[in-house]
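J.: Attaching a predicted model along with its sequence, questions to come.
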Amino acid sequence: YYITNNLRMSEAGVPKKRNRNRLKEFYGTKKEDNVDKTTDINSDQFHSDVYMKDLLGKKRLHELLGSQTTLLKEIRTLDSEMQTLVYENYNKFISATDTIRRMKDDFKHMEEQMEAVMGNMDSISTFSNAISVNLSDSRQKITKLSSVHNLLTKLQTLFELPTLLRKAIQMEAYPQAVKYYSQAAAILSQYEHVNSFDGIRDDCENTVKLLIDALRDTLGNPEITAAQVVETTDMLIELKVPAGEVIKLYLDTAHITLQADIDAVGSPPEKQDILEFLDTTGYAFLGSVSLTISTYKSAFSENTNLTLPGTELEETLSEFAYQHFSAYFEHMQSRFTIETQGPDNALLVRGLDRFYRRLQPVHTLLPSASLDRIAGEIVTNTIRCRIQYFSETLHSHYSETVSDVKQSLLVSQPPQFEGQNTLADIMSTMKASLVGKLKLVLVNVKEFISADITFANKPYFRGPFCVHDIKQGLVLKYIEHILQHVSTLGDNLPPSLLLVMARLCLDFETNTISYLCNLTEEMFPPDQSAVPEQLSPTVTELTSLAHDTVQQVLTRYVNVKGLSISQMIHTSVKTRDWLSAVEPRNVRAAMKRVVEEITELDTQIGSLFEEGAVRGPNSDSSRRALSHNGSRIASSKYKYTPSDTESSLLNKLFNDQVEIFGSIQFTKLSILTGIIKIGLKAFLESVRLRTFGKFGLQQVQVDVYYLREYLWRFVEEERLLNFLLEEVISSAVDRCIDPVTMEPSVIMLLCEPS
């Protein structure tokens, strides 16, 4: 029973499902598949016998009982829903039945009323036809009289037109006066050959001249509104006033207002910052010129009654605007230039952004005047003036830093036994101060390309600003200024300052230049589509300049310190009587002072520069070579003969020559070697100018041995030291009248520290 009942309900729902499937096919939402739907109880292809066979074949008895229970529940649910639908719509069915019954009754009354109306309409048509037939003759007469009346009325109006025009002018009803004249102008022109109209035409023309003068006065009033300008312009053009004359009159009037605003921009109130200036005085001009441009376009460019071409109107307006904006931009450039010398960079950035932003609506109104380009040039020039100010600030800071370092080195020269890293600390502090100041400036100028700045995202601004103005004009030029200044340092400065500046330039060469350039590129990434030409100077050129500067400064330092030691040695040799010298008992004080000076220089230079490589052996055996040579001379009671002199000259000729003023490497040993070579060369030349006795020669032996024992550790090639010292001994022997040398053991005993 339950199965049969369910099948009947499913067959009743077949039409609805069929319609639904047809709709799906029509709209393309039905999905075709190969699934057998004969066993789907909700499908329109459902077949009860197949379903029963499939059910009996696949399910057991308890499963069939479960299916029966499920179908029974579904049937009861559907019955309940159907009853609910019937109950809910029962009242609607009753109400619809009553409505249909009333409509039938109403249509019966309406038919009766329509028949009555039709009868009345027929009666009215009959009476109307009869009246038209009776009044046809009278109607023609009335029409003729009406036309005569209209003509007389027009003639009366023409005769009264001059009076009406004068009254309208007196009442300042200019639109009404223009309307009267425009309506009568065609008739007066048409019947100008009739003598009776001559007087009327002359009176009207005289009155219209007064009207035109009144309209010109109105248009020449600086306080006129935009709507009044448009209305007055239309009336003048309608009165046949030349368009060029009307345009000139309007622009002359606008010039008075704009010139007053420009004068206010040129002489702003005192103690007014740039933002207040832009919000008051500067904005007043922009408001006035925007109103002038928009009014001009409404009155002339968009006026269809004008015969002038649009290009001529646009050129006239552009020329007028450019004339006034030139003066305005000149005053704004002067004001911004003053602001570039102030301490508040954020205020200047906001002022430039506000100036550029507020000029954009005017540029939109009049793109042909290229106001956006000119405003961009003002912004660019102002920023370059600001960068120049920062550049001068950096140069001044550098000069002050160098002066402070110089004063520190002169006042508190560190003693030998105090901290060995004093010069290194001074150099590090100086470098940190210079780099830190540059970073602070870069942070300030970065505000010009903030995300909220209008002109910062313009490609024509960002590329040149980041590359040309910042990297080249500020950073690279600052580094170049430092290097050029260091390269021009004079010899009158403290030698330790030369040493510090050389180390600073060496750091610039090795890492500081590349670090600052990378930092600049990170902070100011350029727009790749607008990168300017090759930088000058380039990073490679600056690195090479730094290398050359270090070379120059170190050479100057070596020369200065070498000259100081040379003067010390030369004075000690010059002021001593070597012929009558007593037997030596110790090393002369001047030689000890030379060793102390070199030792102190070793401490200072070592705190700033690396040790450097030693070329050639610095062994005890080589250090004893000089003593052995002295022993050879003492044992042979050496006396010069011509053959010995010629042999010595030949040996010197074929030996490697010592370059006294050679190139200096950037190491401690190379610097000290250069200083020692100059000092020993001075020692050699001083000895060649003196004549020695026996004990004078022995004193030179003691001094040379002492220098050898203490200076070998300060040179990068011991062979050079030995060569120069041997030259000193050889020259002393040449200049000695009794060349008897001292025993090496005695020399060593005299040179031992007490």
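T.: Here it is on my side, so go on. Since this is a predicted model, take the numbers as computed values, not measurements. Numbering: from 1, shown residues only.
J.: so what does the helix or strand containing residue 711 touch, helix or strand wise?
T.: Residue 711 is part of helix 694-711 when elements are defined by DSSP states H and E. Packing partners of helix 694-711 (3 or more CB pairs under 8 Å, 6 or more residues apart in numbering; DSSP states H and E): helix 589-606, helix 625-636, helix 668-688, helix 718-734, helix 744-751. Yep, even glycine has a C-beta here, placed from its N, CA and C like the rest.
J.: Relative to the whole chain's centre, how far out is it?
T.: Helix 694-711 sits 69 Å away from the centroid of its parent chain (CA atoms, centre = their mean, to the nearest Å).
J.: quick revisit: in terms of mean pLDDT, which of the helices and strands packed on helix 694-711 ranks lowest?
T.: With a mean of 39, helix 625-636 has the lowest mean pLDDT of those.
J.: Can you tell me which of the helices and strands packed on helix 694-711 is packed in deepest?
T.: Highest mean neighbour count among the helices and strands packed on helix 694-711 (mean count of other CB atoms under 10 Å): helix 668-688, with a mean of 23.
J.: Distance from that one to the middle of the chain?
T.: With CA atoms, centre = their mean, you get 56 Å for helix 668-688.
J.: by contact count, what packs against that helix?
T.: Packing partners of helix 668-688 (3+ CB pairs under 8 Å, 6+ apart): helix 539-574, helix 589-606, helix 694-711, helix 718-734.
J.: Swap in 7 Å and give it another go.
T.: When contacts are defined as 3 or more CB pairs under 7 Å, 6 or more residues apart in numbering; DSSP states H and E, helix 668-688 sits against helix 539-574, helix 589-606, helix 718-734.
J.: returning to what we had before: any chance of the helices and strands packed on helix 694-711 in JSON lines, with distance to residue 324 too?
T.: What follows is the helices and strands packed on helix 694-711, written out as JSON lines (distance: least, CB to CB, whole Å):
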{"stretch": "helix 589-606", "distance to residue 324": "68"}
{"stretch": "helix 625-636", "distance to residue 324": "91"}
{"stretch": "helix 668-688", "distance to residue 324": "68"}
{"stretch": "helix 718-734", "distance to residue 324": "80"}
{"stretch": "helix 744-751", "distance to residue 324": "92"}
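J.: Please convert the helices and strands packed on helix 668-688 to CSV, extending it with distance to residue 404.
T.: Below are the helices and strands packed on helix 668-688 laid out as CSV (distance: least, CB to CB, whole Å):
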stretch, distance to residue 404
helix 539-574, 19
helix 589-606, 19
helix 718-734, 38
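J.: Could you point out which of those sits nearest residue 749?
T.: helix 589-606 (16.3 Å; CB to CB).
J.: For the stretch 1-150 of the chain, give me the ranges with low pLDDT.
T.: Regions of the stretch 1-150 of the chain meeting the criterion pLDDT under 70 cover residues 1-36, 136-141, 144-145, 147-150.
J.: Quick check: which helices or strands does the longest helix seen in the chain pack against?
T.: Identified as the longest helix of the chain according to DSSP state H is helix 61-134. Where contact means 3+ CB pairs under 7 Å, 6+ apart, helix 61-134 is packed against helix 2-12.
J.: Residue 564: how many residues sit nearby?
T.: Look at residue 564: counted by other CB atoms under 10 Å, it has 15 neighbours.
J.: distance of it from residue 542?
T.: Noted for residue 564: a distance of 32 Å to residue 542, by CB to CB, to the nearest Å.
J.: Equivalent analysis for residue 236, please.
T.: Distance from residue 236 to residue 542, by CB to CB: 69 Å.
J.: And residue 228, by the same measure?
T.: Counting by CB to CB - residue 228 and residue 542 are separated by 66 Å.
J.: Look at these two and report which has more neighbours.
T.: Neighbour totals were compared for residue 228 and residue 542, and residue 542 leads with 24 against 14 (other CB under 10 Å).
J.: these two touch, right, that one and residue 476?
T.: Yes - judged on CB atoms under 7 Å, residue 542 makes contact with residue 476 at a distance of 6.3 Å.
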